[in-house]
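>>> Got a sequence here, can you model it:
(4 chains)
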Protein chains: 2
Amino acid sequence: MPAPPPSLDPAQLGAYFTLVEVTSLLRHAVEQQLKEAGDLSYVQFQLLARLGDAPTGSHRMTDLADGVVYSRSGLTYQVGLLEKAGLVTRTQSPDDERGVTVTITDTGRTLLAQVLPGHIEVVSGLLFDRLSPDDVQTLADLLTPVRDHMRAAPPRSAAPRRRKR
Amino acid sequence: MPAPPPSLDPAQLGAYFTLVEVTSLLRHAVEQQLKEAGDLSYVQFQLLARLGDAPTGSHRMTDLADGVVYSRSGLTYQVGLLEKAGLVTRTQSPDDERGVTVTITDTGRTLLAQVLPGHIEVVSGLLFDRLSPDDVQTLADLLTPVRDHMRAAPPRSAAPRRRKR
DNA sequence: ACAGCCTGCTTCGAATTCGAAGCAAGAGAT
DNA sequence: ATCTCTTGCTTCGAATTCGAAGCAGGCTGT
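Below you'll find the model as predicted:
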């Protein structure tokens, strides 16, 4: 097996660290804002946003979990909270007896709409403040193939229930 | 107060989402590897790495917390674990009676050295596999000013103990 | 020197997170 | 049809995380 280069060059290392720090800081700031604006955690916001984005306003549990890169059990917990808060509903999937479909409610949409502007403001102020439109495009062009590569590589949960033995 | 543009254009949104997803996926993969290779959490690894990087092999608690973007109490907990595992030591700071200096031990360095190659391999494989050296440089150039901007903006914990009232 | 505030860290309790184990429904093979 | 493996989700317990409160040492002004 061809072991990749045993070390990263300084440029790579710098890029890596910067990437990690940027997203950490961004996430912290966003979390703060979301809590104030709508008492939502970041995960909850991501879930609502994804549901609100979907044409039908709903998704299956597994798709949600994969979408936000989150554990299944954690998702169950969070969706439970959202449901209790009346922001989403759980329904049995029509085609698959055991599948659960999560749907955003009007209340959920309202809350999402209420929180979004502030969210965008934070992201704009922190992330895009220093990036020209060209920069943004460049960044996207750079990261998109990386994301696709990552999505493909280890299917999120490589060794799930049982090793392939 | 001049509210920033009420919405992000599609390019920005795309870049933002991609950025978040990339780091989520990367982090997950890295976490997996670290657990296997040395039974370390990502935070613990970050702490050890930072200490190992420091010329003296040590840092004050607060600096560590800021460095990894982490809560103070959480840091106390994690450093406690690391200390129990013999990977770091806690000493009273010489100049400041209440400051605590954390120092990496030889055992810690050994473990770090044992874990690093795999870590680098994962990062290489996932992140840098699709990026040319030029791309890497571009990415770093793009993100560095952003990071500096973020560091400056809200000092990490903007409303700490008491609002500025 | 003293009072009052700020800082550095820890302790505490509550909330979140994950992985392993469990349960029920689908799918494939016999 | 039935057996078995797989898949979708939940439950469970343990570990981690955070924020608020607490404690002690430093700093400033008087």
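
>>> Measure how buried residue A:90 is and give me the count.
Here the number of neighbours of residue A:90 (other Cβ atoms under 10 Å in any protein chain shown) works out to 15. Placement of C-beta: from N, CA and C, glycine included.

>>> Give me the phi and psi for it.
The phi and psi values for residue A:90, taken as degrees, to the nearest 10, are phi -110, psi 130.

>>> Surely it touches residue A:102?
Yes: if you go by Cβ atoms under 8 Å, residue A:90 and residue A:102 touch, sitting 5.9 Å apart.

>>> Pull up the residues of chain A that are close to DNA strand C.
Neighbours of DNA strand C within chain A, by Cβ under 7 Å from any atom of the strand: A:41, A:43, A:70-74, A:77-78, A:81, A:96-98.

>>> wait, which of those residues is closest to chain B?
The shortest approach to chain B among these belongs to residue A:70, at 8.7 Å (Cβ to the nearest Cβ).

>>> residues in contact with stretch A:16-34?
With Cβ atoms under 8 Å, 6 or more residues apart in numbering or on different chains as the test, stretch A:16-34 has contacts from A:8, A:40-42, A:45, A:115, A:118-119, A:121-123, A:126-127, B:19-20, B:22-23, B:27, B:68-69, B:123, B:127, B:139-140, B:143-144, B:146-147, B:150-151, B:153-154, B:156, B:158.

>>> Tell me which residues of it come out buried.
A:16, A:18-26, A:28-34 (16 or more other Cβ atoms under 10 Å in any protein chain shown).

>>> can I get the CA coordinates of stretch A:51-67 in CSV?
Output in CSV follows, covering the C-alpha atoms of stretch A:51-67 (Å, rounded to 0.1, in the frame of the first residue of the first chain):
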residue,chain,number,x,y,z
LEU,A,51,-36.3,21.1,5.7
GLY,A,52,-37.2,24.6,4.7
ASP,A,53,-35.1,24.3,1.6
ALA,A,54,-36.6,21.0,0.5
PRO,A,55,-39.4,21.4,-2.1
THR,A,56,-41.7,19.3,0.1
GLY,A,57,-40.6,20.7,3.4
SER,A,58,-39.7,17.2,4.5
HIS,A,59,-36.9,14.6,4.6
ARG,A,60,-36.3,11.2,5.9
MET,A,61,-34.4,10.8,9.1
THR,A,62,-31.4,9.2,7.5
ASP,A,63,-31.1,11.8,4.8
LEU,A,64,-31.1,14.5,7.5
ALA,A,65,-28.5,12.7,9.5
ASP,A,66,-26.2,12.4,6.5
GLY,A,67,-26.9,15.9,5.4
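
>>> quick one on the thing from earlier: list the residues that contact both of residue A:90 and residue A:102?
residue A:79.

>>> show me the contacts for the residue most central in space within chain A.
In chain A, the C-alpha nearest the mean C-alpha coordinate belongs to residue A:68, at 3.5 Å (Cα atoms, centre = their mean). By Cβ under 8 Å, 6+ apart, the contact set of residue A:68 is A:43, A:46, A:47, A:50, A:75, B:24.

>>> just how off-centre is the host helix or strand of residue A:59 within its chain?
Using DSSP states H and E, residue A:59 falls within strand A:58-60. Distance of strand A:58-60 from its chain centroid, counting by Cα atoms, centre = their mean, to the nearest Å, is 15 Å.

>>> That one packs against which elements?
helix A:42-53, strand A:100-104 (3 or more Cβ pairs under 8 Å, 6 or more residues apart in numbering or on different chains; DSSP states H and E).

>>> Note down every partner strand of it and its orientation.
Strand pairing for strand A:58-60, using DSSP bridges, gives strand A:100-104 (antiparallel).

>>> And the strand it pairs with, what's buried?
Buried residues in strand A:100-104 (16+ other Cβ under 10 Å): A:100, A:101, A:102, A:104.

>>> That strand relative to helix A:42-53, how many degrees between them?
Counting by axes from the mean of the first three to the mean of the last three Cα atoms, to 10 degrees, strand A:100-104 lies at 80 degrees to helix A:42-53.

>>> Restrict strand A:100-104 to CA atoms and write it as PDB.
Extracted in PDB, the C-alpha atoms of strand A:100-104 (Å, rounded to 0.1, in the frame of the first residue of the first chain):
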ATOM      1  CA  VAL A 100     -39.900   8.400   9.400                       C
ATOM      2  CA  THR A 101     -40.500  11.500   7.500                       C
ATOM      3  CA  VAL A 102     -39.800  14.800   9.200                       C
ATOM      4  CA  THR A 103     -41.700  17.800   8.000                       C
ATOM      5  CA  ILE A 104     -41.300  21.500   9.000                       C
END
